[in-house]
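> build me a structure from this.
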Amino acid sequence: MEQAYQKYTQEDQAMWQMLFQRQMAQLPAIASRMYLEGIEKVGFRAEHIPNFNNETNPRLRQLAGWEVEVVPGLIPQPDFFRLLSNRKFPASTWLRTPAQLDYLEEPDMFHDTFGHVPLLTHQPFCDFVEDLSRIALRFIDLPEAIVQISRLYWYTVEFGLIEEAGQLKIYGGGILSSAGESVYCLSDKIPKLPFDVRTILATPFHIDRFQEHYFVINSYEQLYRSTPDIEEFLSESYLVGK
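Presented below is the predicted three-dimensional model:
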């Protein structure tokens, strides 16, 4: 699939600009430094929707060997993890309407690109996503294992927090693209739990409301170093004796 950039309307461009400016009014104080640097590196601007072919992918390939792969929307898990394992981040190209401003049944291109792409400029984070996807493909025929891997992805790539210089910051794309959850997740009233692979593998998540708790990493290297433990646990749980 292609982005078909010429099909974006003035209304689409205005929606991107509004969403971008709304988030950038608050994220500099609460988002991970690597994410904020990634916005600059990948060249995202309020003035126009990113052009994957001409702008985003050439920069991503040069910075970390990744690129954006256009998909029609939510795709089957085997396809999703296969793309990620090949350093291709799946992204839709449709943009929400004013009626969908703060709630979407499935992610749009603002979530997929603004929320996720900037961190694809940071190698340790990229290595984690690639390695987690490789593990997922190894267990792709075991539904229970894929549920657990999806929890890891959810509580890190989508809704993760990181401690930087003694302060909590946001790196999960699902939070970074949400005006409401960007504020909610950092409230002192919401539990923040230390990153622990086996705890996360056993912790269900919500897709239709803000999370009840968040997990905090101390570095992106910690994420990447966790993948052997993930694979070991799943192997012990599902492959021993087979």
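> list the buried ones in stretch 72-88?
Phe80, Phe81, Arg82, Leu83, Leu84, Ser85, Arg87, Lys88 (16 or more other C-beta atoms under 10 Å). From N, CA and C alone the C-beta is placed, and that goes for glycine too.
> chain center to that stretch: distance?
Averaged C-alpha coordinates place stretch 72-88 at 13 Å from its chain's average position (C-alpha atoms, centre = their mean, to the nearest Å).
> name the surrounding residues that touch it.
1, 64-69, 71, 89-90, 92, 94, 106-107, 126, 129-130, 132-134, 136-137, 140, 146, 150 (C-beta atoms under 8 Å, 6 or more residues apart in numbering).
> next: stretch 130-140.
Residues from elsewhere that reach stretch 130-140, judged by C-beta under 8 Å, 6+ apart: 77-78, 81-82, 84-85, 87, 145-146, 149, 152-153, 224, 227, 230-231, 234, 238.
> then Leu168 would be within a strand, right?
Yes - under DSSP: H, G, I helix; E, B strand; the rest coil, Leu168 falls within a strand.
> for it, list each beta-bridge partner.
Per DSSP bridges, the residues bridged to Leu168 are Glu163.
> got a list of what it touches?
Leu168 makes contact with Leu161, Ile162, Leu186, Lys192, Val216, according to C-beta under 8 Å, 6+ apart.
> so which of those residues wins on neighbours?
With neighbours taken as other C-beta atoms under 10 Å, the top of these is Ile162, carrying 26 neighbours.
> that older thread, wait, which of the contacts of Leu168 is closest to Leu176?
Among the contacts of Leu168, Leu161 lies closest to Leu176 (C-beta to C-beta), at 11.0 Å.
> tell me the phi and psi of the closest one?
Per-residue torsions, Leu161: phi -120, psi 150 (degrees, to the nearest 10).
> swap in Tyr224?
phi -60, psi -40.
> mind listing residues that contact stretch 182-192?
The contact list for stretch 182-192 (C-beta under 8 Å, 6+ apart) reads 23, 26-27, 30, 159, 161, 168, 170, 175-176, 210-216.
> can you check stretch 21-33 too?
35-36, 46, 114, 119, 162, 164, 169-171, 176-177, 179, 182-183, 186.
> now do the end-to-end distance for that stretch.
18 Å (C-alpha to C-alpha, to the nearest Å).
> so how far is Thr113 from the closest residue to Glu2 other than its chain neighbours?
Closest residue to Glu2 apart from its sequence neighbours, by C-beta to C-beta, 6 or more residues apart in numbering: Val70 at 6.2 Å. Distance from Val70 to Thr113, counting by C-beta to C-beta, to the nearest Å: 11 Å.
> so for those two, which sits in the more crowded spot?
Thr113 (25 against 17).
> which residues touch the more buried one?
With C-beta under 8 Å, 6+ apart, Thr113 has these contacts: Phe44, Pro50, Thr56, Val68, Ala91.
> try 10 Å this time
16, 42, 44, 49-50, 52, 56, 68, 89, 91-93, 107, 173, 177 (C-beta atoms under 10 Å, 6 or more residues apart in numbering).
> mutual contacts of Val70 and Thr113, please.
Phe52, Ala91, Ser92, Thr93.
> now do the strands in the protein.
67-70, 88-91, 161-164, 167-170, 192-194, 214-217 (DSSP state E).
> now mean pLDDT and distance to Asp12 too, for those strands, in a markdown table please.
Putting the strands of the chain into a markdown table (pLDDT from 0 to 100; distance: least, C-beta to C-beta, whole Å) gives the following:
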| stretch | mean pLDDT | distance to Asp12 |
| --- | --- | --- |
| strand 67-70 | 98 | 15 |
| strand 88-91 | 98 | 15 |
| strand 161-164 | 98 | 31 |
| strand 167-170 | 98 | 26 |
| strand 192-194 | 98 | 36 |
| strand 214-217 | 98 | 32 |
